[in-house]
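Student: Take this sequence and fold it.
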Amino acid sequence: MAGGLFALLDDVAALARLAAASTDDVAAAAGRASAKAAGVVIDDTAVTPRYVQGLAAERELPIIKRIAIGSLRNKLLFILPIALVLSEFLPIAVTILLMLGGTYLCFEGAEKIIHALKHRREHGHESAVEREDEDVATEKIDEDEVVSGAVRTDFILSGEIMVIALKSVTDQPLVSRAIILAVVAVLITVLVYGFVALIVKMDDVGLSLIEGGKSEKFGRFLVNLMPKVMAFLSTVGVVAMLWVGGHILLVGTDELGFHPLYSAVHHVEEAVHEATGALGGVLGWLTNTVASGIFGLIVGTIVALIVTPILAARAKSKGEAPAH
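Tutor: All right, here's what the predicted structure looks like:
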């Protein structure tokens, strides 16, 4: 009886160790998958704060909360099941969807650059960001419309995040894939919208310090810093879109059988890596990143030159302002 009990306890302990190992594997895989999607995460973080500009300070966090819930719903209820089904029964569709999303990222990045250059020509040294901020400030804000627009945009970015994460764990069993993607969905959503909430409230913290007479110098520093942080995030977001989108397209074309583009970039990366010694890893990665960004900018510009006039004509026919 005692022998049987000890055997049972050994079995339970073995199962517990196996479960712990599986949990560690899932956590590690989720971490790697999240890192793979870092470029799109940066873009998501850079884009979202603009949706709460012009809102009353007390409405900023509730709106961010609503957008975050919508983002999590996008990932878990819509994107996750579709991505899992495709990865199980039609894996090539995952690559094609990823490339379509990469093309969209390239278009968005290039369109933002074109728009900024156009505004710079038309308004001198006044930046496009400053002009848009003035436009937002003069409009009456419809919170439901703000949330709806943000969640629609998030669907594209969330789709990219989830598919990029999925591509890094396709060797895992279906159940493990589902768990890993669910962990990634929650982790990325908390990270992005937690950081967004921190960003948009920093100027309020600064004003509070100034008005309260406590650390007035630091308060003014925060108030003056946040517009620069927002401008920096916008720039980083554009670069990230072009880099990630271009890299997705390069890898995708290679996986679909067209090798020259990816091979050329890979050979240059390897040459830089071998020629620069101890810095080879960093400089090789930087070479790949720059090449991906340039390729993304070329593709995005071509798409923008085709799509933007169509969208402008469509908006004009409906009596709407052209989308930026």
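Student: Going along the chain, name the strands of the stretch 101-250 of the chain.
Tutor: Ranges of strands within the stretch 101-250 of the chain: none, based on DSSP state E, counting those that start in this stretch.
Student: how about low-confidence regions in it?
Tutor: Confidence mapping of the stretch 101-250 of the chain against pLDDT under 70 gives the ranges 123-141, 214.
Student: swap the cut-off to 50 and go again
Tutor: Low-confidence segments of the stretch 101-250 of the chain, defined by pLDDT under 50, are located at 126-139.
Student: ok, which stretches of it are helices?
Tutor: With DSSP state H, counting those that start in this stretch, the ranges of helices along the stretch 101-250 of the chain come out as 128-138, 143-167, 174-211, 216-255.
Student: got the angle between the last one and helix 143-167?
Tutor: Spelled out, it's helix 216-255. Relative orientation of helix 216-255 versus helix 143-167 (axes from the mean of the first three to the mean of the last three C-alpha atoms, to 10 degrees): 50 degrees.
Student: picking that back up, quick one: which of the helices of the stretch 101-250 of the chain is nearest Asn74?
Tutor: helix 143-167 (4.7 Å; C-beta to C-beta). Where you see a C-beta, it was placed from the backbone N, CA and C, and this is true even at glycine.
Student: So what's the gap between the closest one and the chain middle?
Tutor: Here the centre of helix 143-167 is set off from its chain's centre by 9 Å, with C-alpha atoms, centre = their mean, to the nearest Å.
Student: Buried residues, that helix. List them.
Tutor: Applying a neighbour-count criterion of 16 or more other C-beta atoms under 10 Å, one finds 146-147, 150-151, 153-167 buried in helix 143-167.
Student: Kindly report the same for stretch 222-238.
Tutor: The neighbour-count check on stretch 222-238 (16+ other C-beta under 10 Å) flags Leu222, Val223, Met226, Met230, Leu233, Ser234, Gly237, Val238 as buried.
Student: quick one: the last one and Ile113 touch, right?
Tutor: Yes. Val238 is within contact range of Ile113, at 6.4 Å (criterion: C-beta atoms under 8 Å).
Student: thinking again about what came up before, turn the helices of the stretch 101-250 of the chain into TSV, columns for distance to Glu108.
Tutor: TSV is the format used below for those (distance: least, C-beta to C-beta, whole Å):
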stretch	distance to Glu108
helix 128-138	14
helix 143-167	9
helix 174-211	17
helix 216-255	5
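Student: With respect to Leu84, which of these lies nearest?
Tutor: With C-beta to C-beta as the criterion, Leu84 lies closest to helix 174-211 of these, at 5.8 Å.
Student: State the distance from the closest residue to Leu222 other than its chain neighbours to Leu198.
Tutor: Distance criterion C-beta to C-beta, 6 or more residues apart in numbering; nearest residue to Leu222, sequence neighbours excluded, is Gly206 at 3.1 Å. Applying C-beta to C-beta, to the nearest Å, the value for Gly206 to Leu198 is 13 Å.
Student: Give me the more crowded residue out of those two.
Tutor: Taking neighbours as other C-beta atoms under 10 Å, Gly206 and Leu198 compare with Gly206 leading, 21 against 10.
Student: okay, now Val94: neighbour count?
Tutor: Neighbours of Val94 under the rule other C-beta under 10 Å: 21.
Student: Assign it to helix, strand or coil.
Tutor: Three-state call for Val94 (DSSP: H, G, I helix; E, B strand; the rest coil): helix.
Student: Quick one: residues contacting it.
Tutor: Each residue near Val94 by C-beta atoms under 8 Å, 6 or more residues apart in numbering is listed here: Ala83, Leu86, Ser87, Val163, Leu166, Lys167, Thr170.
Student: What does the pLDDT read for it?
Tutor: Val94 carries a pLDDT value of 85.
Student: Can you give me the buried ones in stretch 171-190?
Tutor: Applying 16+ other C-beta under 10 Å to stretch 171-190 flags Gln172, Arg177, Ile179, Ile180, Leu181, Ala182, Val183, Val184, Ala185, Leu187, Ile188, Thr189 as buried.
Student: Looking at those, which is nearest Tyr51?
Tutor: Closest approach between the buried residues of stretch 171-190 and Tyr51, by C-beta to C-beta: Thr189, at 15.3 Å.
Student: That closest one is in contact with Lys75, isn't it?
Tutor: Yes. Between Thr189 and Lys75 there is a contact at 6.8 Å, judged by C-beta under 8 Å.
Student: Okay, the residue nearest to Phe218 when sequence neighbours are not counted and Arg314: tell me how far apart.
Tutor: Leaving out its chain neighbours, the residue that sits closest to Phe218 by C-beta to C-beta, 6+ apart is Leu209, at 6.1 Å. Separation of Leu209 from Arg314 (C-beta to C-beta): 47 Å.
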